[in-house]
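Undergrad: show me the folded form of this:
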Amino acid sequence: MKTVGILGGMGPEATSDFFAKLLSFDRAARDQDHVHIVVECDPSIPDRTAHILGRGPDPLPAMLVSVRRLEAAGADIVGIACMTAHSYLPRLREGSNLRFVSAFDTLALALREGFPGLRSLGILATAGSRAARVFESSLEGYSILWPDDGEQEELVMEAIYGAKGIKAGNRGEGPRALLARAAALLAERGAEAVVAGCTEVPLVLAQEDLSLPLIDPMVLLAKALIAEARGG
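TA: Next up is the predicted model:
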């Protein structure tokens, strides 16, 4: 079996959640039958959204240090436990011989196979992902709907980055209500499904909170990594 590497730390709770998702899809009768997983969780990596918006240092050098640690630890295939960090994926691939499995590639495939009639996607993600247009460039043929500027800051970014947000350790009703409101507004504007486009979102938002399908790219990435690690 191949060894799976997790490029994480962005943030730590999202990394832990992604590790749990990998285990949930790795069926084994005993400890020794599980896939070997190497977790690289360095929370000192500079914030991706801040850099994309011109407000902070480039996280790529620190990310490449983490990638070299994964290489040294014997990883064969790598998943990035941060959607916004995927905007750096081309440069990560240039700086490493590891095989990166993209959450956007697995999302696009799952949409084609599992939702063939779907054409309009509402996105709950960081302002960095929005500015980098990673969803638009990766999901051609779909109408990509975002909250308006005010809603993005007051609902989505507040839920993720606020003083009482998810990155501050709050998995309670506050951030859940903000994200559910943003999703409801996207549904009113024609979204046929909502993508949990930031790895913090599914830490508080669940399918029962929405009237539309909620698609978690990290679930799809975890399935793909386990399948490839096992040669499936």
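
Undergrad: where does pLDDT dip in this protein?
TA: 232 (pLDDT under 70).

Undergrad: spatially central residue in it, please.
TA: Taking C-alpha atoms, centre = their mean, the centroid of the chain lies closest to Met83, which sits 3.5 Å from it.

Undergrad: gap between it and Ser138?
TA: Separation of Met83 from Ser138 (C-beta to C-beta, to the nearest Å): 10 Å. C-betas here are computed from N, CA, C, even on glycine.

Undergrad: with Cys41 instead?
TA: The spacing between Cys41 and Ser138, counted by C-beta to C-beta, is 25 Å.

Undergrad: now Arg27, what's its secondary structure?
TA: State at Arg27, reduced to three classes by DSSP: H, G, I helix; E, B strand; the rest coil: coil.

Undergrad: what about it, how many neighbours?
TA: The local packing of Arg27 (other C-beta atoms under 10 Å) involves 10 other residues.

Undergrad: how about Leu60?
TA: 18.

Undergrad: now do Glu228
TA: For Glu228, the neighbour count with other C-beta under 10 Å is 18.

Undergrad: is it located within a helix, as I assumed?
TA: Yes - secondary structure of Glu228, determined by three-state DSSP: located in a helix.

Undergrad: returning to that earlier point: please name the residues that touch the residue nearest to the centre of the chain.
TA: Residues near Met83 by C-beta atoms under 8 Å, 6 or more residues apart in numbering: Ala103, Ala125, Thr126, Ser129, Val134, Gly197, Cys198, Thr199, Pro217.

Undergrad: go with 10 Å
TA: Under the criterion of C-beta atoms under 10 Å, 6 or more residues apart in numbering, the contact partners of Met83 comprise 10, 14, 48, 103-104, 107, 123, 125-126, 128-129, 134-135, 195-201, 217-218, 221.

Undergrad: coming back round to it: which neighbours do Met83 and Ser138 share?
TA: Listed contacts common to Met83 and Ser138 are Ala103, Phe104, Leu107; contacts here mean C-beta under 10 Å, 6+ apart.

Undergrad: so what's the backbone phi/psi at Gly165?
TA: Phi and psi for Gly165, reported as degrees, to the nearest 10, are phi -90, psi -180.

Undergrad: if you could redo that for Ala224, that was the one I meant.
TA: Dihedral angles of Ala224 (phi, psi; degrees, to the nearest 10) stand at phi -70, psi -40.

Undergrad: and if you look at Val35?
TA: Dihedral angles of Val35 (phi, psi; degrees, to the nearest 10) stand at phi -70, psi 140.

Undergrad: measure it to Phe18 for me?
TA: Relative to Phe18, Val35 is positioned 14 Å away (C-beta to C-beta).

Undergrad: and these two? Which one has more around it.
TA: In this comparison of Val35 against Phe18, neighbours counted by other C-beta under 10 Å, the higher total goes to Phe18 at 25 against 18.

Undergrad: apart from its chain neighbours, what residue comes closest to that one?
TA: Spatial nearest neighbour of Phe18, chain neighbours left out: Ala81 (4.1 Å); criterion: C-beta to C-beta, 6 or more residues apart in numbering.
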